[in-house]
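[1] Task: produce atomic coordinates for the following.
(chains A, B, C and D)
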Protein chains: 2
Amino acid sequence: MSPPNPRRTNEQEARPSRGIPEATVARLPVYLRALTALADRGIATASSEELARAAGVNSAKLRKDLSYLGSYGTRGVGYDVEYLRYQIAREIGLTQDWPVVIVGIGNLGHALANYSGFVSRGFGIVGLLDADPARVGEQVGDHEIQAYGELERVVSEYGVAIGVISTPATAAQEVCDRMVAAGITSVLNFAPVVLSVPAGVDVRKVDLSTELQILAYHEQRKALAGPGTGPLSQVDGIPVERSPLVP
Amino acid sequence: MSPPNPRRTNEQEARPSRGIPEATVARLPVYLRALTALADRGIATASSEELARAAGVNSAKLRKDLSYLGSYGTRGVGYDVEYLRYQIAREIGLTQDWPVVIVGIGNLGHALANYSGFVSRGFGIVGLLDADPARVGEQVGDHEIQAYGELERVVSEYGVAIGVISTPATAAQEVCDRMVAAGITSVLNFAPVVLSVPAGVDVRKVDLSTELQILAYHEQRKALAGPGTGPLSQVDGIPVERSPLVP
DNA sequence: TAGATTGTTAATCGATTAACAATC
DNA sequence: TAGATTGTTAATCGATTAACAATC
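    This is a model prediction of the structure:
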């Protein structure tokens, strides 16, 4: 079972680079942000307990998550904030910059284009595209809205791998198809439709009304339990005094 | 174990109304949307297979999910689209309207305020609030931006249970605290910070850069595997031909 | 009745958590 | 060395999936 040489083969074991669980991947950006916040406050070292508090998870989960990346902590001491920050950024792939194109520059597209976290977090907008000729040429932040027809050119010129869809629902599938045909393999979809894509293309969806509906479900449960009914089984706490639901 | 009367006690078993798994709750809005789309196309009945395809899940999962709500299908036939749609809406709590307040009316707040899916899906904006006096009075959609100081009045006047935070990160925790103090028990947070709330308050977070980072991680994995390397273990498919990542 | 499809069971898989040996 | 804290193990919990008996 064990290799002839008992020394650990760091290249294989310390950086698995494969097989990080999805749930862990989804938390890495949260840890990254927590580390950046600690660094900004001038904190050089943090224990898993402190880091977990900043990230809003429990420390066992955090240590387990970090163990998939390698052994970047020091027993008895904690984690070097700057070093761990770099390791997570590298694992996610943020040591390079990702060119991103946004299609559909309505209200939401404007908000996305002006979102400062975009540039600061390893992403760069290389194109804002809209199908409405009346919008083409409009200046949004540092960019000028281009015609939707420019999609293929922008994708190939900048080597875009990630596309953002903030069009109306009716246009989203067509835009997605064309993004994929142009070479995009990751799509962030804000339109309220289920996109169908070929194997090998990743889609993530952000949906305001889904989020609100999930909250509404829990809110209704709280109301059914009634004020003062005691702890709820599902939600992690007791109902607090609330105002009536509908005026 | 079984009650004296073998007849099923529908009130308890057909409508558990308690203990629906979180993962199922998160999919109910997706099913609701799929059913609405089917209804719009004039389809009156759908099998679990058809419905699952429209929702982008597999049919076993869909049937399992629906079984938590009750037995709303007909064996050998399928589900009545309109009936199931109503049952899911009722389960989520969308047979009533939820008054929502939005704090922070920058680019994103404007987008949210103008989002049509808001009203059509059981939610109603009852207040748009901003701390910047220069913005107060501005008309956004059907509403006029009000002073942040109006928060308590709006919450109590309309019985607001759900608050949306679209402020800068620095303001989010303060806004959240004040929302909770005013009686809000569900918060949808768009600011890139981990909010801390007392037990009994639900928080959901929507975070653009987190979503992009998750995509970047998978994108990097595809690049590491290399074009033509064959199926990836984690991602559900084979890498397709891609453009270079960085120009 | 024969065919179709649900609702449920049971097996499997993945995620979370507590506990603690390893080790700084 | 004594104290602190990581990295890992193992137990538990929850979610997914295939398969099929129930039943329209």
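
[2] From here on, just use CA atoms for contacts and neighbour counts.
    OK.

[3] To what extent is the closest residue to A:Tyr31 other than its chain neighbours buried, counted in neighbours?
    In space, A:Tyr31 comes closest to A:Ala55 once its chain neighbours are excluded; the distance is 5.9 Å by Cα to Cα, 6 or more residues apart in numbering or on different chains. For A:Ala55, the neighbour count with other Cα atoms under 10 Å in any protein chain shown is 23.

[4] And A:Glu22, by the same measure?
    Using other Cα under 10 Å, A:Glu22 has 11 neighbouring residues.

[5] any idea how far it is from chain B?
    Taking Cα to the nearest Cα, to the nearest Å as the measure, A:Glu22 falls 9 Å from chain B.

[6] Tell me the pLDDT of A:Asp236.
    Looking at A:Asp236, its pLDDT reads 30.

[7] Is stretch A:208-223 in proximity to chain B?
    Yes. When contact is scored as Cα under 8 Å from any Cα of the partner chain, part of stretch A:208-223 falls within range of chain B: A:209-220.

[8] buried ones in that stretch?
    Buried residues in stretch A:208-223, counted by 16 or more other Cα atoms under 10 Å in any protein chain shown: A:208-222.

[9] what does stretch A:23-41 rub up against?
    Applying Cα atoms under 8 Å, 6 or more residues apart in numbering or on different chains, the external contacts of stretch A:23-41 come out as A:44, A:51, A:54-55, A:65, A:81-82, A:84-85, A:88-89, A:92, B:210, B:213-214, B:217.

[10] what about that stretch and DNA strand C, touching?
    Yes. In this structure, stretch A:23-41 sits against DNA strand C according to Cα under 7 Å from any atom of the strand; the contacting residues are A:23-24.

[11] List the buried residues in that stretch.
    The neighbour-count criterion (16+ other Cα under 10 Å) identifies A:24-36, A:38-39 as the buried residues of stretch A:23-41.

[12] circling back: out of the buried residues of stretch A:208-223, which is nearest to chain B?
    Proximity of the buried residues of stretch A:208-223 to chain B was ranked by Cα to the nearest Cα; the top entry is A:Tyr217 with 4.5 Å.

[13] tell me the pLDDT at that closest one?
    Here, the pLDDT recorded for A:Tyr217 equals 97.

[14] Where do the helices of chain A begin and end?
    A:10-13, A:22-40, A:48-55, A:59-67, A:81-92, A:107-114, A:117-120, A:151-158, A:169-182, A:208-225 (DSSP state H).

[15] Using JSON lines, lay out the ones you listed together with distance to DNA strand D.
    Conversion of the helices of chain A to JSON lines gives the following (distance: least, Cα to the nearest atom of the strand, whole Å):
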{"stretch": "helix A:10-13", "distance to DNA strand D": "8"}
{"stretch": "helix A:22-40", "distance to DNA strand D": "11"}
{"stretch": "helix A:48-55", "distance to DNA strand D": "4"}
{"stretch": "helix A:59-67", "distance to DNA strand D": "4"}
{"stretch": "helix A:81-92", "distance to DNA strand D": "10"}
{"stretch": "helix A:107-114", "distance to DNA strand D": "29"}
{"stretch": "helix A:117-120", "distance to DNA strand D": "27"}
{"stretch": "helix A:151-158", "distance to DNA strand D": "32"}
{"stretch": "helix A:169-182", "distance to DNA strand D": "23"}
{"stretch": "helix A:208-225", "distance to DNA strand D": "13"}
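
[16] nearest to A:Pro99, of these?
    Smallest distance to A:Pro99 across the helices of chain A (Cα to Cα): 6.7 Å, for helix A:151-158.

[17] what about A:Ala172, neighbour count?
    For A:Ala172, which is what you asked about, the neighbour count (other Cα under 10 Å) is 22.

[18] just to revisit the earlier point, which of the helices of chain A has the lowest mean pLDDT?
    If you rank these by mean pLDDT, helix A:10-13 sits at the bottom with a mean of 31.

[19] Residue ranges of each domain in chain A, please.
    Per the record's domain assignment (automatic domain parsing), chain A is made up of the domains A:10-92, A:98-206.

[20] what's the spacing between the residue nearest to A:Tyr31 and B:Ala191?
    Separation of A:Ala55 from B:Ala191 (Cα to Cα, to the nearest Å) stands at 14 Å.

[21] again with A:Val154
    From A:Val154 to B:Ala191 the distance is 30 Å (Cα to Cα).

[22] cool, and A:Ala182?
    Taking Cα to Cα, one finds A:Ala182 at 32 Å from B:Ala191.

[23] can you check A:Ile92 too?
    With the distance defined as Cα to Cα, A:Ile92 ends up 21 Å from B:Ala191.

[24] likewise A:Val103?
    Taken as Cα to Cα, the spacing of A:Val103 relative to B:Ala191 amounts to 23 Å.

[25] More neighbours: which of those two?
    Using other Cα under 10 Å, the more surrounded residue of A:Val103 and B:Ala191 is A:Val103, with 25 against 22.

[26] Does chain B have contacts with stretch A:147-160?
    Yes. Stretch A:147-160 reaches chain B (Cα under 8 Å from any Cα) through A:156-160.

[27] Any buried residues in that stretch, and which?
    Neighbour-count burial for stretch A:147-160, with 16+ other Cα under 10 Å as criterion, is recorded at A:147-148, A:151-152, A:154-156, A:158-160.
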